[in-house]
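Trainee: Okay, structure incoming, though there's no sequence with it:
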């Protein structure tokens, strides 16, 4: 089942970003989740801010696989007019590096006559409010472990010639790559009412089995995890945690919640759910499927019109 989530306030955010770009923005900061840098990159934002220098911030690097973080930094830093930095938004010194990076991306801006205007965007629950609070040294933005906390735009002066425009978290109207939907849900970027937790947990386990089987075995005291079907693995986790109801029925819903909560809390260790190559493969497969669906639609339409 494809996962989609684009509540009403995100339409408002899209319009606000478009208007802010028209008024003048020098650099666009996109905050990404270091555990899924490709899946958390908003294609709608790319179209809205096309042509603007971009700073990609891989946030929550402390929760991500260091080796894969290096791969993603290398990938983004090779793109034109793009810089990439990995950080933990709660740490003040690394967070301040973004100011220096923005000035390097827009060297002709700065000073009271032409202050640097920076727009910061990201998907819900990616840590943007925490980062902003760290930058300004006080609690100016609401934070919480729930998608959609920030609902209004705000302007923050990080320096006398550095204006930072903050926007609410925003996804995109249609998630074309199914794997991205599951990853976004697993990381808490999508509202809980938009997906089935058991389904997401099963997809997450499949991703973990491929590269982090040892982490699952250590956390849940299991063996031969890499060769198990995800459905049987979820059952095994439920049994290990004593999630068995009256009559011997396994509570798979509770088991799914355990898996998702453990992943989000980094109880499974430092994990990144995709590599640049994997993400490119998912995108290619989604594009091929969309083209096949469109060809089939046109064929059926032609058949009906010829009757």
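Mentor: Sure thing, it's come through. Note that the coordinates shown come from a computational prediction; the quantities given were computed from them, not determined experimentally.

Trainee: And for the spatially most central residue of the chain, nearest residue in space, chain neighbours not counted?
Mentor: Centroid check for the chain by Cα atoms, centre = their mean gives residue 40 as the closest residue, at 2.7 Å. Distances taken as Cβ to Cβ, 6 or more residues apart in numbering put residue 33 closest to residue 40, at 4.2 Å, once the chain neighbours are dropped. In this view, the C-beta of every residue, glycine as well, is placed from N, C-alpha and C.

Trainee: Just give me the neighbour total for that neighbour.
Mentor: Neighbour count for residue 33, taken as other Cβ atoms under 10 Å: 28.

Trainee: One more: residue 104?
Mentor: Look at residue 104: counted by other Cβ under 10 Å, it has 12 neighbours.

Trainee: again with residue 229
Mentor: Residue 229 has 12 neighbours, counted by other Cβ under 10 Å.

Trainee: try the one 4 residues further on
Mentor: The local packing of residue 233 (other Cβ under 10 Å) involves 26 other residues.

Trainee: Just list the residues touching it, thanks.
Mentor: 205, 209, 216, 222, 225 (Cβ atoms under 8 Å, 6 or more residues apart in numbering).

Trainee: Quick check: phi and psi at the residue nearest to residue 40.
Mentor: The phi/psi pair for residue 33 (degrees, to the nearest 10) reads phi -90, psi 120.

Trainee: Who wins on neighbours among the contacts of residue 233?
Mentor: So for the contacts of residue 233 (other Cβ under 10 Å), the most neighbours sit at residue 205, 25 neighbours.

Trainee: what ranges do the strands span in the stretch 1-150 of the chain?
Mentor: Using DSSP state E, counting those that start in this stretch, the strands of the stretch 1-150 of the chain run over residues 27-33, 54-59, 82-87, 116-122.

Trainee: Which one of those strands lies nearest to residue 190?
Mentor: Closest of the strands of the stretch 1-150 of the chain to residue 190 is strand 27-33, at 12.1 Å (criterion: Cβ to Cβ).

Trainee: Just the angle for the closest one relative to strand 82-87, thanks.
Mentor: With axes from the mean of the first three to the mean of the last three Cα atoms, to 10 degrees defining the directions, strand 27-33 sits at 40 degrees from strand 82-87.

Trainee: now strand 27-33 against strand 54-59, angle please.
Mentor: Strand 27-33 and strand 54-59 are oriented at 30 degrees to each other (the same axes, to 10 degrees).

Trainee: Tell me how the protein divides into domains.
Mentor: Structurally, the chain divides into domains by automatic domain parsing as follows: 9-166, 178-264.

Trainee: one step back: which phi and psi does the residue nearest to the centre of the chain have?
Mentor: phi -90, psi 0.

Trainee: ok, now residue 165?
Mentor: Residue 165 has phi and psi values of phi -100, psi 120 when expressed as degrees, to the nearest 10.

Trainee: now the contacts of residue 233 as JSON lines including pLDDT?
Mentor: Formatted as JSON lines, these follow (pLDDT from 0 to 100):
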{"residue": "205", "pLDDT": "97"}
{"residue": "209", "pLDDT": "96"}
{"residue": "216", "pLDDT": "97"}
{"residue": "222", "pLDDT": "96"}
{"residue": "225", "pLDDT": "95"}
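
Trainee: thinking again about what came up before, would you mind giving the strands of the stretch 1-150 of the chain as a markdown table with distance to residue 48 and mean pLDDT added?
Mentor: Converted to a markdown table, the strands of the stretch 1-150 of the chain look like this (distance: least, Cβ to Cβ, whole Å; pLDDT from 0 to 100):
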| stretch | distance to residue 48 | mean pLDDT |
| --- | --- | --- |
| strand 27-33 | 9 | 94 |
| strand 54-59 | 12 | 95 |
| strand 82-87 | 16 | 94 |
| strand 116-122 | 9 | 91 |
